[in-house]
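sequence unknown, structure follows:
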């Protein structure tokens, strides 16, 4: 489905950390797939949603046929059809007429159980969300669908009662709390393993703010500072230099 690494930057020695949110996502996704249901994982940018979902779905492979769809702009129902056609690796040219296209997709989706990861789902409007409901409602398809997106995803879904009522589980991703930061960041990368907790708190309050992507960026810059200065441990002088690169 995806590459074995999901880090935002190429960060040697970084580890995927089992946060409370990731553990919850693993349980929720497992239950959703078992029920052949739909779920929505939503939250602010860079809080670890996509990484957590990729890790959890990868754990279900190869027994589960997982297909990923990512949208970068607001798609029409026609665009959703084409994305499904591509994700399913269907041969030949896509049908030109919607009814013929829909029959082809439903036939392909009925071949075996599948799970769709629909990433960047905040780009979907009501029409696009409703199109996903169309094959999911077909009993023969045995689909599980995981919508992952920003807060806009949750807002649009809630406005569509026919679809919203079918969402099996909702999960909201938030920033790491200060106590979570102290628990997980020393496990995230070796440069934090022996860092003073006060320095980790300093870094979080001044730059990272419980945001995993920001922590990845900060770690990359701090690692560079350690290599260039020859220092053995993180300190606040090094961190201030790293902060200057983050803008």
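Perfect, thanks for sending it. Because the structure is predicted, anything quoted here is derived from the model rather than measured. Residues are numbered from 1 along each chain as shown.

of all the helix elements in this structure, which one is longest?
helix 212-229 (DSSP state H).

check which helices and strands the next helix or strand along the chain from that one sits against.
Sequence order places helix 236-246 as the next helix or strand after helix 212-229, per DSSP states H and E. With contacts defined as 3 or more Cβ pairs under 8 Å, 6 or more residues apart in numbering; DSSP states H and E, the packing partners of helix 236-246 are helix 197-203, helix 212-229. Any C-beta I mention is one placed from the backbone N, CA and C, and that applies to glycine too.

what angle do the longest helix of the chain and helix 236-246 make?
Computed by axes from the mean of the first three to the mean of the last three Cα atoms, to 10 degrees, the angle separating helix 212-229 from helix 236-246 equals 120 degrees.

residue ranges of the helices in the protein, please?
Counting by DSSP H, the helices of the chain are 20-35, 49-60, 77-87, 98-109, 126-137, 151-159, 161-164, 178-188, 190-193, 197-203, 212-229, 236-246.

for the record, mean pLDDT for the first one?
Model confidence over helix 20-35, given as mean pLDDT, is 96.

mind listing what's buried along it?
If you call a residue buried by 16 or more other Cβ atoms under 10 Å, then helix 20-35 has these buried ones: 21-22, 24-26, 28-29, 32-33.

likewise for the fourth one?
Neighbour-count burial for helix 98-109, counted by 16+ other Cβ under 10 Å, picks out 101-102, 104-105, 108-109.

same question for the third one.
Across helix 77-87, burial judged by 16+ other Cβ under 10 Å covers 77, 80-81, 83-85, 87.

how many neighbouring residues does the closest residue to residue 195 other than its chain neighbours have?
The shortest distance from residue 195 to any non-neighbouring residue, by Cβ to Cβ, 6 or more residues apart in numbering, is to residue 234 (4.5 Å). Using other Cβ atoms under 10 Å, residue 234 is surrounded by 24 other residues.

now residue 234: phi and psi?
phi -70, psi 140 (degrees, to the nearest 10).

surely it is in contact with residue 197?
No - counting by Cβ atoms under 8 Å, residue 234 sits too far from residue 197 to count as a contact (11.2 Å).

where's the residue nearest in space to the middle of the chain relative to residue 164, distance?
Centroid-nearest residue in the chain: residue 50, 1.2 Å away (criterion: Cα atoms, centre = their mean). The gap separating residue 50 from residue 164 is 22 Å, by Cβ to Cβ, to the nearest Å.

same check, this time on residue 225
47 Å.

quick one: which of these two has more around it?
residue 225 (19 against 16).

OK, contacts around the more buried one?
By Cβ atoms under 8 Å, 6 or more residues apart in numbering, the contact list for residue 225 reads 231, 238, 241-242.
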